[in-house]
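Asks: okay, sequence plus prediction incoming.
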Amino acid sequence: MPREALLTRTFVELADSLVADFDVVDLLTLLTSRCVEVLGVASAGLMLVGIDGNLRVMASSSEGMRVLELFELQAHQGPCFDCYQTGQAVSVDLSTARRRWPRFTPEAEAAGFRSVHALPMRLRGNVIGALNLFHQDPAEMAEMDVEAAQALADVATIAILQHRAAIEAQVLNEQLHLALNGRIVIEQAKGIVAERRHLNMEEAFYALRNHARNHRLMLVDVANGVIDGSFDLRELDSPAPERAS
């Protein structure tokens, strides 16, 4: 397939993930393999930052590339780290990089690479990782190829951030649903406590709440126990509201 056609097809495949559920690892593997096919680089790898703030290898165009990127993580130095930390593209002839990356550079050269370009996975200042492109010659990438690679990385970044937002929204909706259901259970338990302990609704609520806090229980669990009869109402703590000292 001609280069332009393959590049167009890649953009379409990446963009398709914006409107459909997708496998993130599969998407990023597609990105690295197409960078090799379309841009003529020797190998490509991609790292994303995890929730702990540390970079993780997410995709590689070859097993050798994966091993090198794992070494980069272990050494805590290399193009991906610099690119992620600065949010700027990195372009380096490895023959001049031994002082910059004393541990990483010999490993990259031993793997047959002579230069590297790292491009940020970035959207409006939010950097989530970096795309590494390794070459077997020291020549700089053509500006057109750099722009194409960055465009591919940008589309993938948008897809990943949208995917994360959808997951966060789903979690938020589930939490809200649980909270609303829990509130219904608590209201039912309040009514039972108020009736059987001869309390008003406010006193019944504080009795449930104080017992849950004093015994390190979830309020909704105490309420469920009241409703299903597994909790002895005589064990409820004082219904008096807590007051600031």
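Replies: Yep, it's here.
Asks: can you name the next helix or strand after the top helix by length along the chain?
Replies: Using DSSP state H, we find that the single longest helix of the chain is helix 143-197. Sequence-wise, the next helix or strand downstream of helix 143-197 (DSSP states H and E) is helix 201-214.
Asks: quick check: mean pLDDT of the longest helix of the chain?
Replies: Mean per-residue pLDDT for helix 143-197: 81.
Asks: for it, packing partners?
Replies: Using 3 or more CB pairs under 8 Å, 6 or more residues apart in numbering; DSSP states H and E, the elements in contact with helix 143-197 are helix 3-16, helix 24-39, strand 115-123, strand 126-135, helix 201-214, helix 219-228. To be clear about C-beta, it is placed using only N, CA and C from the backbone, and glycine gets the same treatment.
Asks: list the buried ones in the fifth one?
Replies: Right, helix 201-214. Residues E203, A204, F205, Y206, A207, L208, R209, N210, H211, A212 are the ones in helix 201-214 that count as buried (16 or more other CB atoms under 10 Å).
Asks: for these, which one is nearest A97?
Replies: A212 (59.5 Å; CB to CB).
Asks: okay but that closest one is in contact with V226, surely?
Replies: No: if you go by CB atoms under 8 Å, A212 and V226 don't touch, sitting 11.0 Å apart.
Asks: quick revisit: what's the closest of the buried residues of helix 201-214 to H76?
Replies: A212 (45.5 Å).
Asks: could you check the pLDDT of F11?
Replies: Reported pLDDT for F11: 64.
Asks: pick out whichever of the buried residues of helix 201-214 sits closest to Q136.
Replies: A212 (65.0 Å).
Asks: how far is stretch 57-76 from where the chain is centred?
Replies: Chain-centre distance of stretch 57-76: 19 Å, with CA atoms, centre = their mean, to the nearest Å.
Asks: which outside residues touch that stretch?
Replies: Stretch 57-76 is contacted by residues 24-25, 28-29, 31-33, 35-36, 43-48, 55-56, 78-81, 101, 103-104, 107-108, 111, 113, 129, 132, 134 when judged by CB atoms under 8 Å, 6 or more residues apart in numbering.
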